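Participant: need a 3D model of the sequence below.
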Amino acid sequence: MAATHPVLLSALAGFVCSLMFASIPVGPINLTILGEGARRGFRWCFFVGLGAATMDAIYCAISFTGLSQLIDHGIVKASMQVASFVFLLYLGFKFLLAPTVKVPTKLDAASEKLEAKLEQKIHPHSAFATGFLRVAANLGVLVAWAVLSAMLMAHDWVDETVQAKAACVGGVITAYVLWFFFISFAVSRGHGKFSEKTLLRLQHISGLCLIATAMFEGAQIAWHLAKHKI
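Facilitator: Predicted coordinates:
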């Protein structure tokens with residue numbers, strides 16, 4: 001399939017990664033929508049999501065650009081596969097075992113300080129700008145996309161062509177728009193029924209998906225080592 005439809009495969013890879021990793025695990029954007037959606041309504045929630053999706057897609061594109069020159073080297077490619085396995089396994093268990101919606105990381109403090117500084121300078125007044133700025137200040141998003149893009153390129157799910165990378169970014173945006181449409185509608189129409197408990201369940205499901213992906217990644221590494229008798 002990768003050889004026949006590389007652009008379609010890239011779009012599908014970006015779409016699945018966004019739903020599994022970026023959209024379902026609860027972050028500041030989802031919590032913002034959950035906390036204010038019932039009061040502000042669907043339109044405000046959805047435009048916050050659109051702003052977040054735009055910045056996420058930019059981080060995804062930056063990650064692909066930065067990795068283009070590195071991925072051709074065999075040792076670097078293998079190292080990226082191992083790094084993505086460890087990263088996905090760590091995050092999977094972190095989300096699966098989380099007792100609350102908020103899963104603190106070491107980058108949270110730095111991200112909150114950066115967000116505060118940006119808001120003081122820019123003073124976002126629109127819902128779109130609010131979502132855009134909060135993702136821009138979230139350093140964990142950039143780290144996550146660096147790992148995910150490395151994994152996608154290391155497995156040749158996204159090739160080196162501009163068309164394939166653009167298709168992947170398009171898949172990312174599509175997944176985000178669908179997710180934020182769903183959560184915005186659910187919160188604005190649910191009158192409190194779409195609770196943090198529901199999001200916590202989704203977070204646990206996402207953790208299981210990340211662990212399954214990590215296991216697949218580990219199996220690929222083990223198969224490669226066995227094939228070459230390393």
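Participant: next one: stretch 78-94 to chain centre, how far?
Facilitator: Computed by Cα atoms, centre = their mean, to the nearest Å, the chain-centroid distance of stretch 78-94 equals 14 Å.
Participant: for the chain, longest helix please?
Facilitator: The residue-count maximum for a helix in the chain (DSSP state H) belongs to helix 196-227.
Participant: could I get the buried residue list for that helix?
Facilitator: Of all the residues in helix 196-227, those buried under the rule 16 or more other Cβ atoms under 10 Å are 196, 199-200, 202-204, 206-207, 209-211, 213-214, 217-218. From N, CA and C alone the C-beta is placed, and that goes for glycine too.
Participant: so which helix or strand of this structure has the lowest pLDDT on average?
Facilitator: Least confident helix or strand of the chain, by mean pLDDT, DSSP states H and E, is helix 107-122 with a mean of 67.
Participant: M153 against F64, yeah?
Facilitator: Yes: between M153 and F64 there is a contact at 7.4 Å, judged by Cβ atoms under 8 Å.
Participant: between the buried residues of helix 196-227, which is closest to A166?
Facilitator: Set against A166, the nearest of these by Cβ to Cβ is T213 (23.5 Å).
Participant: the closest one and I205, how far apart?
Facilitator: 13 Å (Cβ to Cβ, to the nearest Å).
Participant: how about L91?
Facilitator: With Cβ to Cβ as the criterion, L91 and I205 are 14 Å apart.
Participant: below-threshold pLDDT in the protein: ranges please.
Facilitator: Counting by pLDDT under 70, the ranges of the chain that qualify are 1-4, 21-26, 66-77, 101-112, 114-116, 118, 190-196, 228-230.
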